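Peer 1: Structure of the sequence below:
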Amino acid sequence: QVQLVESGGGSVQAGGSLRLSCAASGRALSSYAMGWFRQAPGRERVFVAAINWSGGITSYADSVKGRFTISRDNAKNAVYLQMNSLKPEDAAVYSCAARNAGLGVGLRSTDYSYWGQGTQVSVSS
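Peer 2: Modelled structure (predicted):
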């Protein structure tokens, strides 16, 4: 079983950038496909980005395409979400999630078995 811990959240002005990290422990990250999701207050958790076990396949929500980049470093057991050109509507708690690598990239929260606690991102206009 893998444990996930997010970091890198914070407060930025619109147009700014943040880089979120998701550190994995307990099992090699290469055993998992990974995803990032976000949840704003009073709203459902929604898909942001996903990456397969090798990093060769990625997928993004339309709302973040061209602004966010998901990547991973299996040697460091970490997954990243580079967020550029942030907008107030990007503010949310961002969580990383893991699913068995053999299942491929998942786009729904129910596709994932393991979750971190989340990190808060605030964007001021």
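Peer 1: Just want the most central residue of the chain.
Peer 2: residue 36 (2.4 Å; Cα atoms, centre = their mean).
Peer 1: Secondary structure element for the closest residue to it other than its chain neighbours, which one?
Peer 2: For residue 36, ignoring the flanking residues on the chain, the nearest one in space by Cβ to Cβ, 6 or more residues apart in numbering is residue 48 at 4.3 Å. Placement of C-beta: from N, CA and C, glycine included. For residue 48, the enclosing helix or strand under DSSP states H and E is strand 46-51.
Peer 1: Render the CA-only coordinates of that strand in CSV, please.
Peer 2: What follows is the C-alpha trace of strand 46-51 in CSV, where atoms were taken according to Å, rounded to 0.1, in the frame of the first residue of the first chain:
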residue,chain,number,x,y,z
VAL,A,46,-13.0,17.1,-10.0
PHE,A,47,-10.3,15.7,-12.2
VAL,A,48,-7.4,17.9,-13.0
ALA,A,49,-4.7,15.8,-14.6
ALA,A,50,-3.4,12.2,-14.7
ILE,A,51,-0.2,10.4,-15.8
